[in-house]
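Trainee: Quick check, what structure comes out for this input:
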Amino acid sequence: MSKALFLEDSYRKTAPARVMEITPDGEIILDECLFYATSGGQPSDTGVLKYEGRAVPILECKKGEEGAMLLVPEVCDHGIPVGASVEQEIDFERRYKHMRMHTALHLLSVVIPLPVTGGAITAEKGRLDFDMPEAPEDKEALSHQLNHLIQSDLSVSEQWITQEELDEQPELVKTLSVKPPRGSGLIRLVRIGTAQSQTDFQPCGGTHVNRVSEIGPMRVSKIEKKGRQNRRVHIVFD
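Mentor: Numbers count the residues shown, from 1 in each chain. Next up, the predicted model:
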C-alpha cells in the first residue's frame, strides 16, 4: 500500500519517496505518494519525479491493487530502478484549481440539497448530476447562493470514522454513484464549517482548500436534462 500524502496536506508541492516497484509497463509505485490518484470524478495530479539530476514527467496517477498508486511516466523506459530515492514534484497550479473546484462542488450540493448521482472536475469547470425531476429556472439565483457561501469564509476540515460508524449514519453519503473508499477500515469525512455549526459533512477522498473563500467567484454556467429524473448543473470560475 502506498501512503497517500495528499490526504495529509493538500498544499504540499514536493516530497521524497522510495521506489517500491516498477510494473512491466514502466509504471512506478512509491512507498509514499504525493500525486492524487484519479477517483471520484477528480482527475489525477501531474508533475515530475526527480532522480539523479533528471526530471521524469508523470502524466497520470491511478489506483492499483491493494492500495497501490501507480505513477504513469511519459516513457516506460525511464531508467528509475526499484529502491531508488526520488523527489516528487506535482503541478501545483493544476492541483490548486482542482482543490478549489472540488470544494465548490461540495457547496453546490448544499445550495441544491438533493441526492447526487454523478460528478466530474477539471481545472476549469465542474459539474454535479442531481436526482431532480425539474431543473431550476434561475441560474443567477443559484450562482448568488453559491457565492454567498464562498464569501462566508468557512473553514474546511476532516474527520475519520470507522466503516461501521458510517454504516450507522447512511445519511452522510450524498453521492449515489460513488461509494466512499473502503478497505483501510477508516472513512474520511470532509466538514465545511465547525462541528457545532457545519454547512456540509460527507465522505470524500478528494483534495480541498482550507477555507472556502479561496475558491473565488463561481458561476452556474449551464443546467442540462440528462434523463427523466437527472439534471446536470455545471459551474465555472467566474
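Trainee: Do you know the pLDDT at E168?
Mentor: According to the predicted model, the pLDDT of E168 comes to 76.
Trainee: ignore the last one, V110
Mentor: pLDDT, V110: 96.
Trainee: what number of residues lie near it?
Mentor: Burial of V110 is recorded as 15 neighbouring residues (other C-beta atoms under 10 Å). All C-beta atoms are positioned from the backbone trio N, CA, C, and that covers glycine.
Trainee: cool, F35 as well?
Mentor: Neighbours of F35 (other C-beta under 10 Å): 31.
Trainee: Let me know the secondary structure of the closest residue to it other than its chain neighbours.
Mentor: Distance criterion C-beta to C-beta, 6 or more residues apart in numbering; nearest residue to F35, sequence neighbours excluded, is C61 at 3.8 Å. When states are read from DSSP: H, G, I helix; E, B strand; the rest coil, the local structure at C61 comes out as strand.
Trainee: pLDDT at the closest residue in space to N210 that isn't next to it in sequence, what is it?
Mentor: Of all residues not flanking N210 in the chain, V156 sits nearest, at 5.7 Å (C-beta to C-beta, 6+ apart). For V156, the model assigns a pLDDT of 97.
Trainee: Okay, now the unreliable bits of the chain?
Mentor: Low-confidence segments of the chain, defined by pLDDT under 70, span residues 175-184.
Trainee: Try it again at 80.
Mentor: Flagging of the chain using pLDDT under 80 yields the residue ranges 1, 137, 163, 165-185.
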